[in-house]
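Need coordinates for the below:
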Amino acid sequence: MSVIERAYFSGGCFWCTEAIYKRLKGVLAVKPGFSGGNIKNPSYKEVCTGRTGHAETVEVIYDSSQIDFQLLLEVFFKTHDPTTINRQGNDIGTHYRSIVFYSNSKEKELVTNYIDFLNNKIYENKIVTEIVEFDKFYEAESYHENYYELNKTQPYCDLVIKPKVEKFENNYKNKLNLGNR
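Next up is the predicted model:
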């Protein structure tokens, strides 16, 4: 039986994060937007100023009978650098910070335990990913949706997103939804 759930992740540029999550089996939709800020319905331009407090975020709508929150977490941490504050590569600013938004105590516990595991076993530098209770998600303007798929020849897509997607696809071959590209 299908159980539709939502998860929210901020891992740098939402174009990258969207391109990765939409390739997973069990993920029904991925929407780019903003969370974690202090104004209602911010625009991309407003968020990029760093004055709204929002981070670029993706809403991952998934069927929990096909994929679980734990795998979504694993993918999140393996596809961005959770040890850098307010940046991913050359993308710098508070809107690029790393955040997992939890919706219930079980998710919070999973995130906390996974970060503890990663800090003790995987990463040399301390993970700076914020663990924040989910409040509100604001969808970004429509031109951000499917950005990678629609703009593959753009330099940012070719030089930044494409290598991340290729690495992800190589590491998660058995978890890919090949029809969802």
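
Can you get me the start-to-end distance on stretch 120-130?
17 Å (CA to CA, to the nearest Å).

What residues sit buried inside that stretch?
127, 129-130 (16 or more other CB atoms under 10 Å). Every C-beta, even on glycine, is put in place using the N, C-alpha and C of the backbone.

in the longest helix along the chain, what counts as buried?
Counting residues, the longest helix in the chain under DSSP state H turns out to be helix 105-121. Buried residues in helix 105-121, defined by neighbour count with 16+ other CB under 10 Å: 107-108, 110-111, 114-115, 118.

State the distance from the residue of the chain positioned farthest from its centre to Ala29.
Distance from the C-alpha centroid of the chain, by CA atoms, centre = their mean, peaks at Met1 (26.1 Å). Separation of Met1 from Ala29 (CB to CB, to the nearest Å): 19 Å.

Glu109 now?
Glu109 sits 26 Å away from Ala29, going by CB to CB.

Check Asn104 too.
From Asn104 to Ala29 the distance is 21 Å (CB to CB).

ranges for the strands of this structure?
4-11, 27-35, 55-63, 87-88, 91-92, 98-102, 130-133, 138-139 (DSSP state E).

what's next to the second one, contact-wise?
Contact partners of strand 27-35, identified using CB atoms under 8 Å, 6 or more residues apart in numbering, comprise 4, 8, 10, 14-15, 17-18, 21-22, 42, 47, 52, 54-63, 67, 95, 99, 101, 134-140, 144-145, 147, 177, 180.

buried set for stretch 159-169?
160-161, 164-165, 168.

picking up where we left off before, quick one: list the elements packing against the longest helix of the chain.
In terms of contacts (3 or more CB pairs under 8 Å, 6 or more residues apart in numbering; DSSP states H and E), helix 105-121 is packed against helix 69-78, strand 98-102, strand 130-133.

Adding mean pLDDT, write the ones you listed out as a markdown table.
Shown next, in a markdown table, are these (pLDDT from 0 to 100):
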| stretch | mean pLDDT |
| --- | --- |
| helix 69-78 | 97 |
| strand 98-102 | 98 |
| strand 130-133 | 98 |
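
Dump the ones you listed to TSV, plus distance to Asn90.
Below are the helices and strands packed on helix 105-121 laid out as TSV (distance: least, CB to CB, whole Å):
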stretch	distance to Asn90
helix 69-78	20
strand 98-102	16
strand 130-133	21
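
do you know which of the ones you listed lies nearest Ile122?
Ile122 sits nearest to helix 69-78 of all the helices and strands packed on helix 105-121, at 8.3 Å, using CB to CB.

tilt between the closest one and strand 98-102?
Angle of helix 69-78 versus strand 98-102, following axes from the mean of the first three to the mean of the last three CA atoms, to 10 degrees, is 170 degrees.
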